[in-house]
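Q: Quick one, fold the following:
(2 chains)
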Amino acid sequence: MHDLLDDYAQSNALRDTNTRLKLALGLGAIIFCVSSVSPVAPIFVAVSMGLITIMIAKIPARFYSKLLLIPISFAFFSTVVVAFMHGTGNPLFSVDVFGFDLAIREDGANLALLLISRTIGGMCSLFFIALTTPMIEIFSVLKTLHIPDSVIELSMMIYRYIFVFLDQAAMIHSAQVMRLGDSGLKNSLNAFAMLSSVLFLRSWEQGERLIVAMDARCYSGKLDLTNQAAKAEPRAILAAAAYLAAIAAIAVLTRNIQML
Amino acid sequence: MHIMEGFLPHPWWEIWFALSLPVVAYGVYRMNLIVKERRETLPLLAVSGAFIFVLSSLKMPSVTGSCSHPTGTGMGAILFGPWITSVLSMIVLIYQALFLAHGGLTTLGANTFSMGIAGPLVGYLVYKASMKSGLNLYIAVFLAATLADLATYLVTSLQLALAFPAATGGVLASFEAFLAIFAITQAPLAVVEGAVTALMFKYFIQLRGDVLVKLNVASAGVIQKLKEASL
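A: A predicted model of the protein is given here:
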């Protein structure tokens, strides 16, 4: 049940590196990926981010490769549409479906490849942030960015309760499966509805108790955070800047390269 | 339905951010007003946000066999109204991107717009309209949750079509193609989520009808009547 990226964010080898630096690196790579007009830079980002995450942050390679399967189904469906609907030029492949001539043409296929590479590059950079940066550190960065206090407060409490409810949901689910609650569609729908409603009511009651508990501790509408992150080493800043510059250079130099 | 990281190209991801941020900001403003008046709402909103996240991380029994997740947007809109739901959705979407690898950061604006704004708004309006016209509460909830899901899926398809118009037929042809291909998974999912949400309300009413009254979802009289009918 617990298969959250957050578990690794707490224990990876880059845990204590400066948060802003990690965020800047990840976000910068994502933005270069999305802006690149050829698939070369996103592929470079995907490979290098993958290596950084596995080799430097020491995330198990097997877990990481499983993660990469998540975006595949969405990417597949959407790129198929793009490939068929887009483009002029030589048809590379065509089928006749109920009298419609469906063809993948050259620039349609190019665009599809570009999209897949951007998605994978973007996901690898997102995984880098998700797997190396604990949420609490991100909160303290958000605080300095003048995000409204109530929003940060809300996010922190949501974060806290996600784990409580995941455990409860897992327990209720195994209790239901043990009693054959998942046999047949009708049973499983009913069981699912029961699980979610009980979960909501339990969380509501938990919330009511939380108010009392926080009031008892003089909660003033603001939880304080200490910023524990280490200062960024000049060496690390230089490496990150060089990396981002390399991506930008690759994106600019390869802007005319097409895969097909 | 989440748009993955990296899928929306340059002008579009910024445009969707520009469209969703004002709505979310208005939601924050509304939320601050309520919190100022009744401080106990913030923890309650927080547990509800966590609930929406957990709900969306559970696999729902599905007809097509594909792995499908409920969105919880229809339910959020019925319980909290569309504005506050937009704030909760945006936070939940960030967590989904960072913890579950669903969606992404550049596509956050587009996803917030489809799942946190368009869907809840439709769900909320449908729910209010059906309650006003005297429909049974369960049917109203079913319609609201189903149509909220369908609206989300329409908007997502539109977002993709606008970013990738077809060579012949333009945005419209591309829109139809995205609709058709995602209908395979999304249409059954919407109906299932509608049914599940309606069933959830049955349990809400049996166990803690007073919470629904407190949230202004239905009047105490309606809840009492439904409670008696289900016994």
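Q: what about the helices in the chain?
A: Using chain A. If DSSP state H is used as the criterion, the helices of chain A fall at A:6-9, A:19-35, A:40-51, A:61-68, A:70-85, A:106-132, A:135-144, A:149-178, A:185-216, A:234-253.
Q: hmm, I had chain B in mind actually
A: B:10-37, B:41-57, B:73-80, B:82-95, B:108-111, B:119-132, B:137-163, B:170-214, B:220-230.
Q: Redo the ones you listed as CSV? Include mean neighbour count, distance to chain A and mean pLDDT.
A: For glycine as for every other residue, the C-beta is placed from the backbone atoms N, C-alpha and C. Below are the helices of chain B laid out as CSV (neighbours: other C-beta atoms under 10 Å in any protein chain shown; distance: least, C-beta to the nearest C-beta, whole Å; pLDDT from 0 to 100):
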stretch, mean neighbour count, distance to chain A, mean pLDDT
helix B:10-37, 16, 5, 90
helix B:41-57, 25, 3, 82
helix B:73-80, 29, 8, 86
helix B:82-95, 26, 5, 91
helix B:108-111, 26, 11, 92
helix B:119-132, 22, 16, 93
helix B:137-163, 24, 6, 90
helix B:170-214, 19, 3, 83
helix B:220-230, 13, 13, 80
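Q: and A:L210, which of these is closest to it?
A: helix B:41-57 (4.4 Å; C-beta to C-beta).
Q: got the angle for the closest one vs helix A:149-178?
A: If you take axes from the mean of the first three to the mean of the last three C-alpha atoms, to 10 degrees, helix B:41-57 sits at 40 degrees to helix A:149-178.
Q: ok, for the closest residue to chain B within chain A, nearest residue in space, not its chain neighbours?
A: Going by C-beta to the nearest C-beta, chain B is nearest to A:G122 of chain A, at 2.6 Å. Among residues not flanking A:G122 along the chain, B:G6 sits closest, at 2.6 Å (C-beta to C-beta, 6 or more residues apart in numbering or on different chains).
Q: shouldn't the one you found be in contact with A:A41?
A: No. With contacts counted by C-beta atoms under 8 Å, B:G6 stays clear of A:A41, the gap being 11.5 Å.
Q: who has more neighbours, those two?
A: B:G6 (32 against 28; other C-beta atoms under 10 Å in any protein chain shown).
Q: who touches that one in this structure?
A: A:30, A:33-34, A:42, A:115, A:118-123, B:104, B:106-107 (C-beta atoms under 8 Å, 6 or more residues apart in numbering or on different chains).
Q: now with 10 Å?
A: A:30, A:33-34, A:36, A:42, A:45-46, A:71, A:75, A:115-126, B:13, B:104-107 (C-beta atoms under 10 Å, 6 or more residues apart in numbering or on different chains).
Q: Would you mind measuring from it to B:L98?
A: Note on B:G6: its distance to B:L98, by C-beta to C-beta, to the nearest Å, is 15 Å.
Q: Also A:I147?
A: In terms of C-beta to C-beta, A:I147 sits 16 Å off from B:L98.
Q: Of the two, which one has the most company?
A: Comparing A:I147 with B:L98 by other C-beta under 10 Å, the one with more neighbours is B:L98, at 24 against 14.
Q: pLDDT on stretch A:184-192, on average?
A: Stretch A:184-192 shows a mean pLDDT of 83.
Q: Please spell out which residues along that stretch are buried.
A: Residues A:S188, A:L189, A:N190, A:A191, A:F192 are the ones in stretch A:184-192 that count as buried (16 or more other C-beta atoms under 10 Å in any protein chain shown).
Q: would you list the residues you listed in TSV and tack on distance to chain B?
A: As requested, those are exported to TSV (distance: C-beta to the nearest C-beta, whole Å):
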residue	distance to chain B
A:S188	4
A:L189	6
A:N190	7
A:A191	8
A:F192	6
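Q: Dump those to CSV, plus distance to B:L19.
A: Below are these laid out as CSV (distance: C-beta to C-beta, whole Å):
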residue, distance to B:L19
A:S188, 38
A:L189, 35
A:N190, 39
A:A191, 39
A:F192, 33
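Q: By mean pLDDT, point me to the weakest helix or strand of chain A.
A: Across the helices and strands of chain A, mean pLDDT, DSSP states H and E gives its lowest value to strand A:91-97, namely a mean of 65.
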